[in-house]
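Colleague: Just to be clear, the model below is a prediction. Sequence and coordinates:
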Amino acid sequence: MVEPRPIQTALPAQAHRRILAAALHKLLRPLVRVLLRGGIPYGLFADIAKQVYIDIADEEFKIPGRKQTVSRVSIITGLSRKEISRVKELADADAAEVADRYNRAARVISGWVRDNRFRDDQGEPVALDLEGQGATFTQLVKDFSGDVPPRAILDELINVGAVESQDDGRIRLVSRAYVPRDSKADKLGILGTDVAQLIATIDHNVHQTEAEPRFQRKVSYDNLPEEALEELRQMSGAAAQALLEKIDRWLQTHDRDSNPNVRGTGRKRSGLGIYYFEEDYKEGE
């Protein structure tokens, strides 16, 4: 059945906190499982959580017209001034590096699929020479991934099974999606972006009651035989990929980096995310 976005209702603060605490407990179970598998101890998780508490309190919970102070951040978060100073020293450069690598590889595939210079008369991505004149893989990387070495992007795309080298030396696109296979770092980097965007959408729909709600839906049943799941995986994967490619083509025509003639104000990031899930049914959940 399709589960719609909940209707907004006013909740007493205490009931609101209880519901949020229960949701947090459920949210943290799969996250803590990932953290333990990755060797992240509780102490490091706690420090990162404190860092985010401090950043959000500092950036988004200011008193209008007044400069945010460490004392106010301390009151909002419940952390001492000394603890705030210590946690501010933490860095997350590694996460930024992973996100950059993911975005560069994804942009190369997206450009290959949607830019007419790299497609045939039927609109399909053509096999590309690595170097040379005209539409080459090197030119593709230069246009959509900046100054990163083409060989580095090629090795990454071959590694994840997105491209393959033909007998004539040209490079053929095999998959229209960049999905890291062997690199746990890159897969976990996606966790940091995709899940964060989903939670931000839920936050918008819960608290921005006067704004247009963002699309947030899922469809699920809880009494399916295992034998039905393979067909569901195949069907949902094909349908979802087709929809994402359609949205990608529309976004490309409205993105200033892809189409410099686009006019308008501000700079926004927007898109659509789709995920598939399956799990054992547990009585009472």
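Modeller: Yep, it's here.
Colleague: Please count neighbours and contacts with C-alpha atoms only from this point.
Modeller: OK.
Colleague: Would you map the helices across the stretch 101-250 of the chain?
Modeller: Taking DSSP state H, counting those that start in this stretch as the criterion, the stretch 101-250 of the chain carries its helices at 137-145, 150-159, 184-190, 196-207, 229-254.
Colleague: In terms of secondary structure, what does the first one contact?
Modeller: Contact partners of helix 137-145 among helices and strands, from 3 or more CA pairs under 8 Å, 6 or more residues apart in numbering; DSSP states H and E: helix 93-114, helix 150-159.
Colleague: hmm, back to that, comparing the helices of the stretch 101-250 of the chain, which gets the lowest mean pLDDT score?
Modeller: Looking at those, the lowest mean pLDDT belongs to helix 184-190 (a mean of 62).
Colleague: Which one of the helices of the stretch 101-250 of the chain lies nearest to Leu36?
Modeller: Smallest distance to Leu36 across the helices of the stretch 101-250 of the chain (CA to CA): 12.9 Å, for helix 184-190.
Colleague: thinking again about what came up before, just name the most buried of the helices of the stretch 101-250 of the chain.
Modeller: Of all the helices of the stretch 101-250 of the chain, helix 137-145 has the most neighbours on average by mean count of other CA atoms under 10 Å, namely a mean of 20.
Colleague: is it fair to say Gly65 lies in a helix?
Modeller: No. Looking at Gly65 with DSSP: H, G, I helix; E, B strand; the rest coil, it is coil, so not inside a helix.
Colleague: number of nearby residues for it?
Modeller: The tally of other residues near Gly65 (other CA atoms under 10 Å) stands at 6.
Colleague: what's it in contact with, if anything?
Modeller: By CA atoms under 8 Å, 6 or more residues apart in numbering, the contact set of Gly65 is empty.
Colleague: What separation is there between it and Ser71?
Modeller: 17 Å (CA to CA, to the nearest Å).
Colleague: so where's this protein uncertain?
Modeller: Filtered on pLDDT under 70, the chain yields the residue ranges 1-12, 89-102, 179-190, 284-285.
Colleague: Centroid-wise, who is the farthest residue in it?
Modeller: Asp168 (36.1 Å; CA atoms, centre = their mean).
Colleague: what about that residue, distance to Gln234?
Modeller: Taking CA to CA, one finds Asp168 at 32 Å from Gln234.
Colleague: Contacts only, for the residue farthest from the centre of the chain.
Modeller: Residues counted as contacts of Asp168 (CA under 8 Å, 6+ apart): none.
Colleague: spatially speaking, which residue is in the middle of this structure?
Modeller: Asp194 (2.6 Å).
Colleague: Would you mind confirming that that residue makes contact with Gly273?
Modeller: Yes. Between Asp194 and Gly273 there is a contact under CA atoms under 8 Å: 7.5 Å.
Colleague: Need the residues touching each of these two.
Modeller: Residues touching both Asp194 and Gly273 (CA under 8 Å, 6+ apart): there are none.
Colleague: Can you give me the end-to-end span of stretch 214-232?
Modeller: Using CA to CA, the end-to-end distance of stretch 214-232 comes to 26 Å.
Colleague: oh sorry, the question was meant for stretch 147-167
Modeller: Across stretch 147-167, the terminal residues are separated by 28 Å (CA to CA).
Colleague: re earlier: quick one: the residue nearest to the centre of the chain from Pro225, how far?
Modeller: With CA to CA as the criterion, Asp194 and Pro225 are 29 Å apart.
Colleague: try Leu36
Modeller: Remark: distance between Leu36 and Pro225 (CA to CA) = 31 Å.
Colleague: of the two, who's got more company?
Modeller: Leu36 (11 against 7).
Colleague: Just the buried residues of the helix or strand where the more buried one lies, please?
Modeller: Assigned by DSSP states H and E, Leu36 belongs to helix 13-37. Under the neighbour-count criterion of 16 or more other CA atoms under 10 Å, helix 13-37 has Leu35 buried.
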